[in-house]
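Visitor: What follows is a predicted protein model with its sequence.
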Amino acid sequence: MAPEATTNGHDVTLEKGQTNGAGKKGGIRTLQNATKKDQRSVALSLIEEKLPKMAPLKAVLSLDIGLDDGPIYIDARNEPTIVREIDCEPNCSLKVKPEYIQLFAEGKLEPRYGLFKDGFFDHTTLPKGEIKVAVKFADYLCPNVPVHPQIPTGRKLPSPTEDLDQVMADIHEFGYGLVKNAMDSEQIKTLRSAVEQQGRGEAEAGVAKKDGGPHAPNQRIWTLINKGQEFHDLLEHPLIDEVVPELLGEHALLHSYSANIARPGNVPMMLHTDQVAIQPPLRSIFYGLNIMWFLTDITRENGGTRIFPGSHVGHVAPDDPFNIDGTLAAEGPAGTALVFESRLWHATGPNEMTSGERPVILMFFMRSFIRQQENNFLSIKPEVEATMSDKVRKLLGYCTTGALGGVEGEVREGIFVERLKNPVGPFRDTHKHTHYRQGLQAS
Ligand SMILES: O=C(O)CCC(=O)C(=O)O
Ligand SMILES: [Fe+2]
């Protein structure tokens, strides 16, 4: 492999590719390959174009975008260049789909989402080494390069308060606020016991959802709607009506409803915004709002959610989403509700205690036009569905909002809908008409 400046080098690679076996295999196959090659070529051109911006990297990145000749190297130790061979260990290795390069450049994909989302299915796509180098490389491809968040100085940061006006002001200014005594001791006890028992039961039944690093000590309990009346009751809490409609507009939906137990030995979650998966990564509006209910006293030590206060506004994003240095922990006594909007950079904190859990309930609301995280219509048990209050049904999407969510063309607003016993099927001839009528009579 000869070192070469790639402005022309990638053309050579692509021509070589055209003569490979796959290219000779007839119409459709050839067409697909041509498209793929074009994406790699476009990716290389874009990287070359943005190369001068990459000087602050001061590092070497090995980059695999699927070229036939293997990875290229972005050598930004001095003036950034692209080379085919390198005389040192790269600081970071990155394998990324070439089409993502174009999406980054067009501002359609946020690097902290785009670089990691395929890792769920193929761990070889995860950057290796100094993660910051891969992230900033991708940032420099974007139209606007974000800056690392800084905690605001000289301003009083949010602390738990019963003054809801203050909470709203804190959410606007810092992206989050803390409601003190949102739950009384009876509610805390009931919900904590329900979460603990549910967590234990799911673990014993072998259906627990675990995360938080190699030992996966943390436990998520999803779809709380199916898991007890206590969780339905919490959805009737007046705080929801105080904050959700004002911040997310009418008809906001419950995006997901879960508990998260952070346990000792966990690795902090990746820093993220709660709308990072909504692409393109718009920063001008928040789509979601989380209400996190503290079921125990929450401190920095036992895994309080790590936050960059004020990181909900401006073009900010952490240089390394796996590094929580410089974050604050959202702390408060049991019964506190942490309310935070979806642009805020945050993560589950490390539980640094030797024993003791950090159980919280996460009620995650979204504006009514965004697809819900949980597909309630498929996951809610029919017998639970039958017991849901109108309020709960509405929050879960069983009610039309604007022209959305209707059944068989219902577009009026605020109509409760339900599964049709006999949805209208195809009509082709009179014989089938008779069948449909018979079906109706039978049901
Ligand atoms: O558990 C926490 O502290 C935060 C969880 C979180 O950020 C999330 O589920 O998106
Ligand atoms: Fe989150």
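Guide: The structure has been received and is ready for your questions. Remember, predicted model here, so these are calculated numbers, not experimental data. Ligands and ions are numbered 1, 2, ... in the order given.

Visitor: okay, the closest residue to ligand 1 within the stretch 51-200 of the chain: pLDDT?
Guide: Residue nearest to ligand 1 within the stretch 51-200 of the chain: Y176 (11.5 Å; CB to the nearest ligand atom). (Each C-beta comes from the backbone N, C-alpha and C, glycine too.) For Y176, the model assigns a pLDDT of 98.

Visitor: now the helices: where do they sit in the stretch 51-200 of the chain?
Guide: Along the stretch 51-200 of the chain, counting by DSSP state H, counting those that start in this stretch, helices occupy 98-105, 111-114, 131-141, 164-174, 185-204.

Visitor: Deepest in the core, which of those is it.
Guide: helix 131-141 (a mean of 25; mean count of other CB atoms under 10 Å).

Visitor: orientation of that one relative to helix 98-105 in degrees?
Guide: In terms of direction (axes from the mean of the first three to the mean of the last three CA atoms, to 10 degrees), helix 131-141 departs from helix 98-105 by 70 degrees.

Visitor: As CSV, could you dump the C-alpha coordinates of helix 131-141?
Guide: The C-alpha trace of helix 131-141 is given here as CSV (Å, rounded to 0.1, in the frame of the first residue of the first chain):
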residue,chain,number,x,y,z
ILE,A,131,-13.3,8.8,21.5
LYS,A,132,-13.0,12.6,21.4
VAL,A,133,-10.9,12.4,18.3
ALA,A,134,-13.6,10.5,16.4
VAL,A,135,-16.4,12.8,17.7
LYS,A,136,-14.5,16.1,16.9
PHE,A,137,-13.6,14.7,13.4
ALA,A,138,-17.3,14.2,12.7
ASP,A,139,-18.1,17.6,14.3
TYR,A,140,-15.7,19.3,11.9
LEU,A,141,-17.6,17.8,9.0
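
Visitor: who does it touch, helix- and strand-wise?
Guide: Here helix 131-141 touches helix 27-50, strand 60-64, strand 92-95, helix 98-105, helix 111-114, going by 3 or more CB pairs under 8 Å, 6 or more residues apart in numbering; DSSP states H and E.

Visitor: Please compute how far it lies from its chain's middle.
Guide: 19 Å (CA atoms, centre = their mean, to the nearest Å).

Visitor: Stretch 403-410 too?
Guide: Relative to the centre of its chain, stretch 403-410 is centred 27 Å away, using CA atoms, centre = their mean.

Visitor: and stretch 76-95, which residues are buried?
Guide: Within stretch 76-95, the residues that count as buried by 16 or more other CB atoms under 10 Å are 76, 80-84, 86, 90-95.

Visitor: Can you tell me which of those residues is nearest T296?
Guide: Closest approach to T296 among the buried residues of stretch 76-95 (CB to CB): C92, at 38.5 Å.

Visitor: so who does the closest one touch?
Guide: Contact partners of C92, counting by CB atoms under 8 Å, 6 or more residues apart in numbering, are 59-62, 127-134.

Visitor: Averaged pLDDT, stretch 222-241. What do you get?
Guide: Per-residue pLDDT values over stretch 222-241 give a mean of 98.

Visitor: got the buried residues for it?
Guide: 222-225, 227-228, 230-232, 234-235, 237, 239-240.

Visitor: now check it, is it near ligand 1?
Guide: No: shown here: stretch 222-241 not in contact with ligand 1 (CB under 6 Å from any ligand atom), separated by at least 10.6 Å.

Visitor: Please state the offset of that stretch from the chain centre?
Guide: Relative to its chain's centre, stretch 222-241 lies at 22 Å (CA atoms, centre = their mean).

Visitor: hmm, who's touching it?
Guide: Residues contacting stretch 222-241 (CB under 8 Å, 6+ apart): 179, 182-183, 187, 190-191, 194, 198, 209, 221, 254, 256-259, 291, 293, 337, 339, 361, 363, 365, 374, 376, 379-381, 384, 387-389, 391-392, 395-396.

Visitor: can you give me the strands for the stretch 251-400 of the chain?
Guide: Remark: strands assigned in the stretch 251-400 of the chain by DSSP state E, counting those that start in this stretch are 253-262, 288-294, 306-307, 328-329, 337-341, 346-347, 358-366.

Visitor: Any stretches of the protein with poor pLDDT?
Guide: 1-37, 430-443 (pLDDT under 70).

Visitor: Tell me which residue is most central in it.
Guide: The residue lying closest to the centre of the chain (CA atoms, centre = their mean) is A277, at 4.3 Å.

Visitor: So that one sits against G114, correct?
Guide: No: counting by CB atoms under 8 Å, G114 is not a contact partner of A277; they are 10.4 Å apart.

Visitor: Would you mind listing what in the stretch 201-350 of the chain touches ligand 1?
Guide: Contacts of the stretch 201-350 of the chain with ligand 1, taken as CB under 6 Å from any ligand atom, map to 260, 274, 305, 346, 348.
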